[in-house]
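Trainee: Here is a sequence together with a model predicted from it:
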Amino acid sequence: MLGAMPTIVVVEDDASMSQAMERILRVGGFAVVMFGSAEAALEVDAAKTADCLVLDIRLPGISGFELCRRLLPGGGQPPAIFITAHDEPAIREEAERLGARSYLVKPFSGRTLLDAVTEALAAR
């Protein structure tokens with residue numbers, strides 16, 4: 001990759017999952033900013049520095065869906081990838097309505113995450 005590394009903002013409340021995703025993304029050549037809650041991401045308006053968002057859907061407090069609505073009120077940049085351990089048709093449909101670039105069901109491989117992020121960045 002030429003130029004600055006793309007910044008991936010990840011919001012995930014599970015510490016071990018968060019740590020694994022951070023490691024995978026860093027090894028994949030991305031700058032990574034991690035948040036353990038939607039509220040923490042909102043405090044710093046995480047979308048301002050993000051080239052791509054990776055958002056857990058089920059978070060304590062504000063959900064990943066609601067976080068996306070607040071960070072990207074017009075549905076614009078950056079692209080969002082939703083992750084969940086609870087795959088249900090209604091959840092998939094909501095992710096699509098919000099313009100998700102990808103929808104990943106936990107557990108997913110590191111390669112799957114890297115491919116989703118790379119594709120989301122290329123589609124911008």
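Mentor: The structure has been received and is ready for your questions.

Trainee: mind checking the backbone torsions on the residue positioned nearest the centre of the chain?
Mentor: The centre of the chain sits closest to V54, judged by CA atoms, centre = their mean, with a distance of 0.6 Å. In terms of degrees, to the nearest 10, the main-chain angles of V54 are phi -120, psi 110.

Trainee: what residues are up against it?
Mentor: The contact partners of V54, by CB atoms under 8 Å, 6 or more residues apart in numbering, come to 8-12, 21, 80-81, 83, 113, 117. Quick note: C-beta positions are derived from backbone N, CA and C, even for glycine.

Trainee: For the host helix or strand of A40, name the packing helices and strands.
Mentor: In the assignment (DSSP states H and E), A40 maps to helix 38-43. Judged by 3 or more CB pairs under 8 Å, 6 or more residues apart in numbering; DSSP states H and E, the packing partners of helix 38-43 are strand 7-11, helix 64-71.

Trainee: Quick check: R92 touching L104?
Mentor: No. With the criterion set as CB atoms under 8 Å, R92 and L104 do not qualify as a contacting pair; they are 11.2 Å apart.

Trainee: between these two, which one's more packed in?
Mentor: Between R92 and L104, L104 has the larger neighbour count (other CB atoms under 10 Å), namely 19 against 15.

Trainee: R26 - how many residues pack around it?
Mentor: Here the number of neighbours of R26 (other CB under 10 Å) works out to 13.

Trainee: for it, helix, strand, or coil?
Mentor: Going by DSSP: H, G, I helix; E, B strand; the rest coil, the secondary structure assigned to R26 is helix.
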